[in-house]
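>>> requesting a structural model of the entry that follows:
(one chain, ligands or ions: 1)
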Amino acid sequence: MPLLEVDHVVVQFGGVTAVNEACFAAEAGRVTGLIGPNGAGKTTCFNVISGLQKPTRGAVRFDGRKVTSVPVHRRSKRGMGRTFQRLEAFGSLSVRDNVRVAADIHRGVLGAVRGLGSSSRGGVDALLERVGIAAYADERADSIPTGTARLLELARCLAGDPKLLLLDEPSSGLDETETDDFGDLLRDLAAEGRAILMVEHDMDLVMGVCDEIHVLDFGSVIASGTPQEVRGDAAVQKAYLGYAPEDEAEPAHVGSAEHPAESTRTDLPVLSDDTTVLPPVGAGPLPGGAR
Ligand SMILES: Nc1ncnc2c1ncn2[C@@H]1O[C@H](COP(=O)(O)OP(=O)(O)OP(=O)(O)O)[C@@H](O)[C@H]1O
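Residues are numbered from 1 along each chain as shown. Here you go, the predicted structure:
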């Protein structure tokens, strides 16, 4: 049984269906990608999974139990960890203290009552070393580069020793070398038995580290499979490129009465006739820009 199951989840905001009967899973020991163009519903799915957003319909199961109505902090206690697109660290604290606080919060009142004391400096420093930011341990969190701050987010998340890691665009702000190291770290974390579910626009990273990828478009899962399978999927190509390369002609506009927003995809790349599928590994981020 997968560690996480999203079962026919629907989220409606007034007249907007942000998530539409989405079904997907994330398994322990695997890195799973959740991708899709901007506005596809990825963040809303993460909010449903972590408990920030109540679904209109559908269910979330985690570690064998239904958690659809379980509040955020209890999901966290059960082993869900999440990083956000927006950085959440305490700016005036040092990098080390940010991780220490996260560990203390996770251990909570019970840990203090049982006399477990504060999180050990050695344990916190080992975590900083692991994510590659030990050199910044004594720096204020608001003085470090964005990429480092993302890694701090990950360290704060790992301080809770989560079974499931929900990572929202974790590589933004990392340079190429840092992204490679980050990919290795994700593989290591999965090899320890954690499930990793990642929303990410950098297709190099997604295609390089994910065991499985789910693709959302207009709130629906339009494809699930290995990176290879997803890369070759016509519906995925259409969602990202506006048309599938095997279409006889590129449509003049790709909007519809059902999805009028599609007609505003002005960010589509200029494609030559022989452009095939998704950008090749090495081509950087997908055109996941604003619709
Ligand atoms: N609180 C809200 N109220 C109304 N509409 C919302 C709300 N949150 C999201 N939406 C809409 O739901 C849809 C899905 O948004 P969501 O942020 O989940 O997409 P996304 O795939 O995460 O996009 P991005 O890649 O830009 O972060 C969009 O049409 C968005 O405008």
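>>> which stretches in the stretch 151-291 of the chain count as strands?
Applying DSSP state E, counting those that start in this stretch to the stretch 151-291 of the chain gives strands spanning 164-168, 195-199, 212-217, 220-225.
>>> most tightly packed of those strands?
strand 195-199 (a mean of 26; mean count of other CB atoms under 10 Å). (Each C-beta comes from the backbone N, C-alpha and C, glycine too.)
>>> each with direction, which strands does that strand pair with?
The partner list of strand 195-199 in its sheet, established with DSSP bridges, is strand 31-35 (parallel), strand 164-168 (parallel).
>>> returning to that earlier point: tabulate the strands of the stretch 151-291 of the chain (JSON lines), appending distance to residue 9.
Below are those laid out as JSON lines (distance: least, CB to CB, whole Å):
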{"stretch": "strand 164-168", "distance to residue 9": "15"}
{"stretch": "strand 195-199", "distance to residue 9": "14"}
{"stretch": "strand 212-217", "distance to residue 9": "11"}
{"stretch": "strand 220-225", "distance to residue 9": "10"}
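>>> tabulate the ones you listed (a markdown table), appending distance to residue 84 and mean pLDDT.
Converted to a markdown table, the strands of the stretch 151-291 of the chain look like this (distance: least, CB to CB, whole Å; pLDDT from 0 to 100):
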| stretch | distance to residue 84 | mean pLDDT |
| --- | --- | --- |
| strand 164-168 | 6 | 96 |
| strand 195-199 | 10 | 97 |
| strand 212-217 | 18 | 96 |
| strand 220-225 | 23 | 96 |
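>>> any chance of those strands in a markdown table, plus distance to the ligand?
Converted to a markdown table, the strands of the stretch 151-291 of the chain look like this (distance: least, CB to the nearest ligand atom, whole Å):
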| stretch | distance to the ligand |
| --- | --- |
| strand 164-168 | 8 |
| strand 195-199 | 7 |
| strand 212-217 | 6 |
| strand 220-225 | 12 |
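>>> how about those strands, which one is nearest residue 40?
Evaluated over the strands of the stretch 151-291 of the chain, closeness to residue 40 peaks at strand 212-217, with 4.2 Å, by CB to CB.
>>> redo the strands paired with strand 195-199 as TSV? Include distance to residue 25.
As requested, these are exported to TSV (distance: least, CB to CB, whole Å):
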stretch	distance to residue 25
strand 31-35	8
strand 164-168	11
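>>> what's the local residue count around residue 54?
Other residues near residue 54 number 10, with proximity taken as other CB atoms under 10 Å.
>>> what's the answer for residue 23, then?
Residues near residue 23, counting by other CB under 10 Å, number 14.
>>> that one contacts residue 10, correct?
No: using CB atoms under 8 Å, residue 23 is not in contact with residue 10; the gap is 10.9 Å.
>>> ok, residue 215 - contacts?
Residues in contact with residue 215 (CB atoms under 8 Å, 6 or more residues apart in numbering) are 35, 36, 221, 222, 223, 224, 230, 233, 235, 236, 239.
>>> helices along the stretch 51-200 of the chain, start to end?
72-78, 95-113, 121-131, 146-158, 176-191 (DSSP state H, counting those that start in this stretch).
>>> mean pLDDT lowest where, among the ones you listed?
Among these, helix 95-113 carries the lowest mean pLDDT, at a mean of 76.
>>> before we move on, the earlier item: wait, which of the helices of the stretch 51-200 of the chain is closest to the ligand?
helix 146-158 (15.4 Å; CB to the nearest ligand atom).
>>> packing partners of that closest one?
If contacts are counted by 3 or more CB pairs under 8 Å, 6 or more residues apart in numbering; DSSP states H and E, helix 146-158 sits against strand 80-83, helix 95-113, helix 121-131, strand 164-168, helix 176-191.
>>> got JSON lines for these, with distance to residue 40 too?
Converted to JSON lines, the helices and strands packed on helix 146-158 look like this (distance: least, CB to CB, whole Å):
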{"stretch": "strand 80-83", "distance to residue 40": "19"}
{"stretch": "helix 95-113", "distance to residue 40": "30"}
{"stretch": "helix 121-131", "distance to residue 40": "28"}
{"stretch": "strand 164-168", "distance to residue 40": "13"}
{"stretch": "helix 176-191", "distance to residue 40": "22"}
